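Visitor: Sharing a sequence plus its predicted fold:
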Amino acid sequence: MNKLTRTTIQLFIISLFIGLINYLLRIVFARNLTLEEYGLFYAVFALVSFFAPFRDLGLGESTLFFINKYVVKSDKKRIKASIVIGILPQLILGIVIAAILFLLKGYLVKNYFKNPLADPIMTILIILFAFETIRPTLIYLFLAYQKVALSKLNDLICSLSILIVSIILFSFSSSSKTTVPAIAYLIGSVVAIVIFGIIFYTQFKDVIKEKAAINKALIKEMFNYAIPIMFSTAGAMILVYSDTLLLTYFKGVELVGLYNIAYPALGVILIFITPISIILFPKISNLYHQKKSQDIKNILSIIYNNFLLLTIPLGLAFFVYSDLIISLLFGVKYIGATNTLKVFSLAFIFIGIRDINFNIIAGIGKVKERSKILYYGAGFNVILDLILIPKYGASGAAIATGLGFALMAYLTTKLILKEYPIHIEKFIQLKTVFSGLLFLASLSLLKKIIVMSNAIIEAIIVCTISGIIYVLALYLLKVVTKEKILFLKELVLKE
């Protein structure tokens, strides 16, 4: 097994654990907070996090780029300078923006959140905002020195610390628990910063002790590289947080709570898509730099001709059992998120393909084009939010998000196929959709026929039988063959 394959497998496993831990964290929050408290935390979190790109300025990725440049030259003074130029402006801006948010806190608590419980939550998250940029900077520093596993372990330790602290505080807190998530995030970030700060210091002590060779030319270069990244990141923040921010403004924190139950519920199946996306980036990038266009086309052919195989049954199963999934994972008090989860379940295909496409585009060096598509999607999403949220609430926000991802999925696929034209087997896609309809019909019919006192066992039996019918349909229609499976295995493991 070659080094690239080992690294990607390590990333896959660590990313899988991070996804599972973050999912457990949501469940812990939901189980220990009321709907209003849960929604309030994520409303405050969204507002504070929205300003992160204007604190970071894209300097994290800029630091990564320039350290790589000077590592090749073994220029430790310039490496130290790149670190200093990267981190100092972020810390200064973090403090400045935190101070502004603190001054506006009273107004926002009264007029935007309309809940006094937002005050202590916002105070804690503002403190976190002021220095949290140190953690992603450490991640970029490890990446610059090819310590990829350490960079992901940073996220893992942070998430695990937040989960452990949350469980402890919820278990022993006798009074209000509204501030527990914010305190847990603060402590988790501090733990990760301390641990990986020490690791970086011990491994790269010579660089830290070196005198920084800072000059105007390097400062200008780093900021010229960083600013476009900042705008790209800002677009991502708009896409991620616009739903929550506008739901808070138009409908209040309870609907924010429902929305932030439905989208994470979908995360159960996204957990299995995200690591695939992560693996694709280094694989495609490696092939791109080796100018192996045919190998890239082979990978794209496998993805685009078989992506529906996995996403259709997963999405449909979540659509049919939305109420059970929510009540089982988060509790019956969040059952109002059922329709929102149904919308997300149908949008799952577009969310998955967009995530995969973004990593492919990064791998072939089309970062500017990706940023443009991100802004198109974010702008489209915000416009739809303004139209749909006032009337349809959380479900309206889900529809807006789904259509935004559909637009980005279309534009990214169009861009990729322009660079690497491949044959899309339309007849195979139709066969897959037909098999999916059989799966849905089987789910719906068996759900009525098989009625048991234990809803979980009932769902497992229904999904298992329906899954067998789906797989048989794929096999009989020759959508899945032994040759395809062997080809995919060879493609992934090939040097």
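Guide: In hand now; what should we look at?
Visitor: T413 is in contact with I303, isn't it?
Guide: No: judged on Cβ atoms under 8 Å, T413 makes no contact with I303 at a distance of 10.0 Å. All C-beta atoms are positioned from the backbone trio N, CA, C, and that covers glycine.
Visitor: Can you pull the residues that touch both of the two?
Guide: Contact criterion Cβ atoms under 8 Å, 6 or more residues apart in numbering; residues shared by T413 and I303: none found.
Visitor: Can you find the helix or strand in this structure with the smallest mean pLDDT?
Guide: helix 482-493 (a mean of 61; mean pLDDT, DSSP states H and E).
Visitor: List the buried residues in stretch 372-382.
Guide: The neighbour-count check on stretch 372-382 (16 or more other Cβ atoms under 10 Å) flags I373, L374, Y375, G377, A378, G379, F380, N381, V382 as buried.
Visitor: how about TSV for those, with secondary structure and distance to A459 added?
Guide: Listed next are the buried residues of stretch 372-382 as TSV, based on DSSP: H, G, I helix; E, B strand; the rest coil; distance: Cβ to Cβ, whole Å:
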residue	secondary structure	distance to A459
I373	helix	37
L374	helix	37
Y375	helix	40
G377	helix	34
A378	helix	36
G379	helix	39
F380	helix	35
N381	helix	32
V382	helix	36
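Visitor: Among those residues, which pair sits farthest apart?
Guide: For these, the maximum inter-member distance is 15.2 Å, found between I373 and V382 (Cβ to Cβ).
Visitor: close enough to count as contact, S166 and R31?
Guide: No: judged on Cβ under 8 Å, S166 makes no contact with R31 at a distance of 10.5 Å.
Visitor: So for these two, which sits in the more crowded spot?
Guide: A side-by-side neighbour count of S166 and R31, using other Cβ atoms under 10 Å, places S166 first with 23 against 14.
Visitor: Could you list the low-confidence segments of this structure?
Guide: Flagging of the chain using pLDDT under 70 yields the residue ranges 1-8, 72, 174, 268-269, 271-272, 274-275, 277-279, 282, 483-495.
Visitor: and with 50 instead?
Guide: Counting by pLDDT under 50, the ranges of the chain that qualify are 495.
Visitor: Identify the residues contacting L374.
Guide: With Cβ under 8 Å, 6+ apart, L374 has these contacts: S232, G235, A236, L239, M408.
Visitor: Keep only those of these that are in helices.
Guide: S232, G235, A236, L239, M408 (DSSP state H).
Visitor: what's the offset of whichever strand or helix holds I356 from the middle of its chain?
Guide: Element membership of I356, judged by DSSP states H and E, is helix 338-363. Offset of helix 338-363 from its chain centre (Cα atoms, centre = their mean, to the nearest Å): 11 Å.
Visitor: what comes up buried for that helix?
Guide: So, applying 16+ other Cβ under 10 Å, buried residues of helix 338-363: 338-345, 347-361, 363.
Visitor: cool, and stretch 382-392?
Guide: Buried residues in stretch 382-392 (16+ other Cβ under 10 Å): V382, L384, D385, L388, I389, Y392.
Visitor: What lies in contact with that stretch?
Guide: With Cβ under 8 Å, 6+ apart, stretch 382-392 has contacts from 238, 242-243, 246-247, 250-251, 396-397, 399-400, 403-404.
Visitor: what do S166 and R31 both touch?
Guide: If you check S166 and R31 against Cβ under 8 Å, 6+ apart, no residue is contacted by both.
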